[in-house]
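Colleague: here is a sequence together with a model predicted from it:
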Amino acid sequence: MPNRIQFPEAIEPLVQFIEETPAADIVDQTLEKLRAGVPVQTMLTASALAVARSSDLPPGHHGGPLHPLAGLYAVTKLSERLEGEQRFLPILQHVALSNKHIHDPVTSPFSLLEFKPLDAGGAIVSRTDDLAADGSGDVSSGQGVEATKAAFLKACTRGESNKADHLFLWLWDNVPKMEAFDLLLSVAIPKNALDDHYFIFPSYTWRALEMYGDEHLKVLMRPAVRYVARFPTHRVVPDVDMLIEKHELLTRDLREKTGEDETAEIGRIGEAIGRVEKYNEIPRLLSQALVDGLSIEGAGEALSIGAAGLFLRSQTGNPMDVHMHTSANLRRWLLKLDGLSRRNRMLILLLWHTGPEVMSTQYRMEAGPQPDAAAVAALPHRSQEELLEAITHSIHHQPPTDWSTVTNLGKMIAVPEVRDTVNLAQQYVNLRYDPDVLINRLAEIVCHDSFTEMHAFKHHQSIFEEFYATREPWRWMHLVCGAQAAAISFGKNMEVFEDALDLMHAYPGREAAIAAE
């Protein structure tokens, strides 16, 4: 019988610590280990391995290894930007979430077993067995790389996640890593139209591995492979396929890199995206811009600007409705990678709008651009420090949510007080006060969050990166988006932060956080 996967002795005890520690003790015992000198990246590696090994995939997209692995990159980068013991707060949040999912009866008990890598020949079934399993009887007797790729794709069409796992373990060992990832994305990207997380989960995990290396790649990617391969099969988006064919985007000579000469066009397309009423207009704008000579990088930047504009118009009060930003940020990063197929790159750019959690905002939008310029102009002038404290106070004192009245998180509408925060943040950027000061304050605030399963952390890292990757004057929109998201998510659940407060003395903002409870 297969055994549970085991890790090297250098990390196995720490993995077991995260798996076995009671939830009531995980925060203080993790902090104790961090204070004793366990490196942050080692603790996060153990957290990721533990949740991958000991929690099953969720029936939807909440629970199990999905969000801890998808949040690994953002948590790591945020921790690097914090100082002193504040840098431990994102780590404590990650470890606590992994521990929670390991002990959740929805996704546990579970053990990720050692799987034998199989090529197409090793995973073959007879024609009669395929027919008996409701197949078409169309089987292949081929072997090697191409046959195994074809076998993986067929397994995905049948929802055979176990078989897909076997086959992909073989592929990791027999093709370049980027070639294997590109194959996985060929299934994951179209399934974005079914659930944003089919795209986000493998892509964010891959991005984390850029920092963490290949040592645990095959283990950490197994949950994503299994998730992507399961039912339902991918959804076709014929409008986008028609645009790709009409404009010959798979064969046309396209400009890759952006430059200063594209500034006006990037801004024009980005602002046009931010004004759309129907999201299916977005791929038309982007594909035509490519035909007219805009670079692929420039199109990604325009999408980012447009996503920020649409997020500011959004009326959503769901703290997890941040995929407009996180997905745009992730797509810009992917478009710069070497080794992805042209088709995958075009779909990465043109299918952003299809994710249900992006698409749903289309029906909850302010009519015009936000914030309201008149409301911002009416605010009294404040110094940078005064305005920073006003933004913080506004976020900390958002009205509490009456959860007894919430029946569908996805339909929550933001309370009017969120606009107060947004207007203050817009005044801050209008005055061109120090962006890093505001980013650092938002970083401290996001560390309170235990509700969104890493969504708040991913959004904060996205707005940080998009601010520095987007040109003037549109870059500043991302900071306002960060304040809006913080106002929506703050205070929903701060259990881990509150536990850590009792252990961390002299945490900046302690009094304000306690007063906001």
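Modeller: Thanks, I have the structure now.

Colleague: CA atoms of stretch 410-419 as PDB?
Modeller: C-alpha atoms of stretch 410-419 as PDB (Å, rounded to 0.1, in the frame of the first residue of the first chain):
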ATOM      1  CA  GLY A 410     -21.000  37.300  -2.600                       C
ATOM      2  CA  LYS A 411     -24.000  39.700  -2.600                       C
ATOM      3  CA  MET A 412     -22.800  42.000   0.200                       C
ATOM      4  CA  ILE A 413     -22.800  45.700  -0.700                       C
ATOM      5  CA  ALA A 414     -20.200  47.900   0.900                       C
ATOM      6  CA  VAL A 415     -21.500  50.300   3.600                       C
ATOM      7  CA  PRO A 416     -21.400  54.000   2.800                       C
ATOM      8  CA  GLU A 417     -18.500  54.600   5.200                       C
ATOM      9  CA  VAL A 418     -16.200  52.700   2.900                       C
ATOM     10  CA  ARG A 419     -16.500  55.700   0.500                       C
END
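
Colleague: contacts for that stretch?
Modeller: 315-318, 321, 357, 360, 364, 371-372, 375, 394, 397-399, 406, 484, 487-488 (Cβ atoms under 8 Å, 6 or more residues apart in numbering). The way it works is simple: take the backbone N, C-alpha and C, and place the C-beta from them, glycine included.

Colleague: quick one: which of those sit in strands?
Modeller: Among these, no residue falls in strands (DSSP state E).

Colleague: now, of the residues you listed, which are buried?
Modeller: Neighbour counting by 16 or more other Cβ atoms under 10 Å classes 316-318, 321, 357, 360, 364, 371, 394, 397-398, 484, 487-488 among the contacts of stretch 410-419 as buried.

Colleague: any chance of TSV for those, columns distance to residue 33?
Modeller: Listed next are these as TSV, based on distance: Cβ to Cβ, whole Å:
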residue	distance to residue 33
316	38
317	37
318	34
321	35
357	35
360	40
364	43
371	44
394	36
397	35
398	34
484	36
487	34
488	33
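
Colleague: helices - which of those land there?
Modeller: When the buried ones among the contacts of stretch 410-419 are checked against helices (DSSP state H), the matches are 357, 394, 484, 487-488.

Colleague: which one among those residues gets closest to residue 56?
Modeller: Using Cβ to Cβ, residue 357 comes nearest to residue 56 of these, at 22.5 Å.

Colleague: how near is the closest one to residue 446?
Modeller: When distance is defined by Cβ to Cβ, to the nearest Å, residue 357 is 19 Å away from residue 446.

Colleague: re the thing from before, max pairwise distance over the ones in helices among the buried ones among the contacts of stretch 410-419: which two?
Modeller: The span of these, defined through Cβ to Cβ, is set by 357 and 394 at 25.5 Å.

Colleague: returning to that earlier point: what's the closest of the ones in helices among the buried ones among the contacts of stretch 410-419 to residue 112?
Modeller: Using Cβ to Cβ, residue 357 comes nearest to residue 112 of those, at 27.3 Å.

Colleague: isn't the closest one up against residue 196?
Modeller: Yes - in this structure residue 357 lies within contact range of residue 196 using Cβ atoms under 8 Å: 4.9 Å.

Colleague: can you list residues touching both of the two?
Modeller: Common neighbours of residue 357 and residue 196 (Cβ under 8 Å, 6+ apart) are residue 323.

Colleague: what pLDDT does the closest residue to residue 337 other than its chain neighbours get?
Modeller: Closest residue to residue 337 apart from its sequence neighbours, by Cβ to Cβ, 6 or more residues apart in numbering: residue 178 at 7.3 Å. Residue 178 is assigned 97 on the pLDDT scale.

Colleague: next, count neighbours for residue 178.
Modeller: 13 (other Cβ atoms under 10 Å).

Colleague: next, the buried residues of whichever helix or strand it is part of.
Modeller: Here residue 178 sits within helix 177-188, counting by DSSP states H and E. Neighbour-count burial for helix 177-188 flags 177, 180-188 (criterion: 16+ other Cβ under 10 Å).

Colleague: who touches that helix?
Modeller: Applying Cβ under 8 Å, 6+ apart, the contact partners of helix 177-188 are 149, 152-153, 156, 168, 171-172, 198-199, 201-203, 206, 214, 217, 221, 224-225, 228-229, 234, 337-341, 343-344, 348.

Colleague: give me that answer again for 6 Å
Modeller: Residues outside helix 177-188 that contact it (Cβ atoms under 6 Å, 6 or more residues apart in numbering) are 149, 156, 171-172, 198-199, 202, 206, 228, 339-341, 344.

Colleague: repeat for stretch 32-52
Modeller: The contact list for stretch 32-52, computed with Cβ under 6 Å, 6+ apart, reads 7, 11, 14-15, 18-19, 65, 68-69, 72, 76, 79, 88, 91, 94-95, 98, 101, 219-220, 223.

Colleague: what comes up buried for stretch 481-497?
Modeller: Of all the residues in stretch 481-497, those buried under the rule 16+ other Cβ under 10 Å are 481-492, 494, 496-497.

Colleague: got any ranges where the stretch 251-400 of the chain has weak pLDDT?
Modeller: For the stretch 251-400 of the chain, no stretch has pLDDT under 70.

Colleague: now the helices for it?
Modeller: 263-275, 281-291, 296-313, 323-335, 342-350, 356-359, 373-377, 384-396 (DSSP state H, counting those that start in this stretch).

Colleague: how about TSV for those, with distance to residue 83 added?
Modeller: Output for the helices of the stretch 251-400 of the chain, formatted as TSV (distance: least, Cβ to Cβ, whole Å):
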stretch	distance to residue 83
helix 263-275	34
helix 281-291	39
helix 296-313	28
helix 323-335	24
helix 342-350	35
helix 356-359	33
helix 373-377	32
helix 384-396	17
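
Colleague: for residue 440, find the nearest of these.
Modeller: helix 384-396 (9.6 Å).

Colleague: quick one: which of the helices of the stretch 251-400 of the chain is nearest residue 462?
Modeller: Once the helices of the stretch 251-400 of the chain are compared by Cβ to Cβ, helix 323-335 is nearest, at 3.8 Å.

Colleague: contacts for the closest one?
Modeller: Residues contacting helix 323-335 (Cβ under 6 Å, 6+ apart): 196, 203, 296, 300, 303-304, 307, 310-311, 345, 348, 352, 355, 357-358, 458-459, 462, 465-466.

Colleague: now do stretch 467-487
Modeller: Contacts for stretch 467-487 (Cβ under 6 Å, 6+ apart): 263, 304-305, 308, 311, 322, 395, 398, 418, 421-422, 425-426, 429, 438, 442, 445, 459, 463, 466.
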